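Participant: Model the following, please.
(one chain, ligands or ions: 2)
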Amino acid sequence: MNNQEPVRAQPLTREAFGPFGDVISVERAGGSSANQGTARRYDRVAQLASTRPEAQPNLAVFRSVAKALPFEVRLVERHPCSTQMFMPVACQRFLIVVCPSDAQGEPELSQLCAFVCGPGQGINYHAGVWHHPIIALEGPADFLMLAWEDGTARDCEERPLSAPLLVTSD
Ligand SMILES: NC(=O)N[C@@H](O)C(=O)O
Ligand code: NI
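Facilitator: Numbers count the residues shown, from 1 in each chain. Ligands and ions are numbered 1, 2, ... in the order given. All right, here's what the predicted structure looks like:
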């Protein structure tokens, strides 16, 4: 077992997730009137980016099997060339696990963070952010995913952990 203390999952907030990406939700200020005043639109709520001109946007649907906390993190991955967005379409709670990079660009597991995302919240990882693949905490769990892909696995680097790291509930 990892000799690192378990990581307590915290509620997702824009501030806490800021170093890793964007939180997508409707609760926000600003916006502009649309559709003859019957809607408000909030533009660019996430920073979408891709550095490979040949990669194409892929809007995918994920149907995830629900997992429970405490959860054992056994790997992290990153997409160096592009952002990746997940927005639940049928999921009340899901777990996001991220960690910063160290000076060599490797996962800094001692600073791993875990967030429990609530109803109406989605996330967008900035390019190159280490994260665990999406984890639904309740099911059935369906997500929209938006990423940039070129048909290869080149933009997905995985790092297995030498020992599982436990994420516990808040
Ligand atoms: N790519 C893919 O299928 N999933 C992961 O990248 C993930 O972050 O869930
Ligand atoms: Ni990913």
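Participant: phi, psi of the residue of the chain found nearest ligand 1?
Facilitator: Closest to ligand 1 within the chain is P133: 3.5 Å, counting by CB to the nearest ligand atom. Every C-beta, even on glycine, is put in place using the N, C-alpha and C of the backbone. With angles defined as degrees, to the nearest 10, P133 shows backbone torsions of phi -50, psi 150.
Participant: Within range of ligand 1, give me the residues from this structure.
Facilitator: Contact residues, the chain versus ligand 1 (CB under 6 Å from any ligand atom): E77, Q84, H131, P133, I134, C156.
Participant: re earlier: now for the residue of the chain closest to ligand 1: which residues touch it?
Facilitator: Residues in contact with P133 (CB atoms under 8 Å, 6 or more residues apart in numbering) are L75, E77.
Participant: Repeat that for the one 4 residues further on.
Facilitator: By CB under 8 Å, 6+ apart, L137 lies in contact with A66, K67, A68, L69, Q92, R93, F94, L95, V116.
Participant: Switch the residues of the chain next to ligand 1 over to JSON lines; also include distance to E149 and pLDDT.
Facilitator: As requested, the residues of the chain next to ligand 1 are arranged in JSON lines below (distance: CB to CB, whole Å; pLDDT from 0 to 100):
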{"residue": "E77", "distance to E149": "14", "pLDDT": "98"}
{"residue": "Q84", "distance to E149": "10", "pLDDT": "98"}
{"residue": "H131", "distance to E149": "16", "pLDDT": "98"}
{"residue": "P133", "distance to E149": "15", "pLDDT": "98"}
{"residue": "I134", "distance to E149": "16", "pLDDT": "97"}
{"residue": "C156", "distance to E149": "9", "pLDDT": "97"}
